[in-house]
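> got a structure for you, letters missing:
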C-alpha cells in the first residue's frame, strides 16, 4: 500500500485552485445562423453583427442610440414615465412585480427611450425600443412617449426617427394598450400635415400592434437584414387561411421584394443612409 502514499509534501501554491483556472464561460457566443463561435468583445465592437455571415443580433436601446446619434449630442425626455398597472393584472407573477424587476435590471422605466439629439450633425427626435423590457411591448407608457415625441417633432419641426424592436401590444394592459395604436396614428397624421419627415427603422423582431401602428407608417420604412416583421405569427396565419406560407415570408428581404419596405440596410450603414434620406427630405434641391 506504500505505492499509494505521498512521501513528500506537495508544492505549496499561494494562489487558490479556483483562481488558477482559465475562466472562459460567458466570453464566447455562437452565431444562430452560421454557428460560428465568436468572441463577445469582437461582436460588441462590430455592433452585434456576426463578422462571418453578417447575421444581425439584437441591439439594446441605448446602444442603438449610440449607433445612430452623434456622440454626446442627445438628451433624454420623459424618462420618469412608468406604468401604473391599470388592470391589476397577474399571470405567472403580478404585472406590478414584473415591471419592478425589469426596471431594476435594465435601469429604465419602460420599453422605450425618447431623446433629442443630432444625427450626422442634423437635429432629430429619436425613439429607441428595448426588447429586453417585457419583449419591447407597447403599453400606455410606450404609446404616450411616442405621442409626445411626435408632438415635439411637430413643435420644433425636427425629423422623427423611431427604431422598433417589439413583440407588439402589451397584453397586461388590455384595451389600454390597444388604444395606443389609434393615439399614435392620429399624432402621425398631424406630423404628416406639418410636412415633417418620419423615418421608421424596423429591427428583429417588429410584430403585433407596433407593426400595425407607427412602424409601417413612416415616410421611409427601413429594415435591418433578416429582421422578422409581421402582425401575427406564421402558425396563426396558416391556421386562419388554411394555406402553407412560403419560407421566410415575414423576413425583411421578402417584404422588400413585395413592396412593404423601402429599403433593407445593414446596421453599420444605417446612420449614413438615414442622414442621406433626411438630406433628400429637408435640403433644398
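Happy to help now that I have it. Every value quoted in this text rests on a predicted model; they were computed, and no experiment measured them.

> Just list the residues touching the residue nearest to residue 96 when sequence neighbours are not counted, thanks.
Nearest residue to residue 96, sequence neighbours excluded (C-beta to C-beta, 6 or more residues apart in numbering): residue 85, at 4.6 Å. The C-beta positions use only the backbone N, C-alpha and C, and glycine is treated the same way. By C-beta atoms under 8 Å, 6 or more residues apart in numbering, the contact set of residue 85 is 94, 95, 96, 99, 172.

> So which residues of this structure form helices?
Along the chain, the stretches classed as helices by DSSP state H are 17-20, 40-45, 61-68, 95-106, 140-156, 174-193, 208-211, 234-241, 252-257, 270-282.

> The longest one vs helix 140-156, what angle?
I take that to be helix 174-193. 10 degrees (axes from the mean of the first three to the mean of the last three C-alpha atoms, to 10 degrees).

> Contacts for helix 174-193 next, please.
With C-beta under 8 Å, 6+ apart as the criterion, helix 174-193 contacts 86-87, 89, 137-140, 142-144, 146-147, 150-151, 153-154, 160, 169-171, 198, 209, 212-214, 217, 219.

> Turn the buried ones among the residues you listed into a named ChimeraX selection, would you?
Here the buried members of these are turned into a ChimeraX selection, burial being counted by 16 or more other C-beta atoms under 10 Å:
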select :137,138,139,140,142,143,144,146,147,150,153,154,160,169,170,171,198,209,212,213,214,217,219
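
> can you tell me which residues contact the most centrally placed residue in the chain?
In the chain, the residue lying closest to the centroid (C-alpha atoms, centre = their mean) is residue 165, at 3.4 Å. The contact partners of residue 165, by C-beta under 8 Å, 6+ apart, come to 58, 59, 61, 129, 130, 131, 136, 203, 204, 205, 206.
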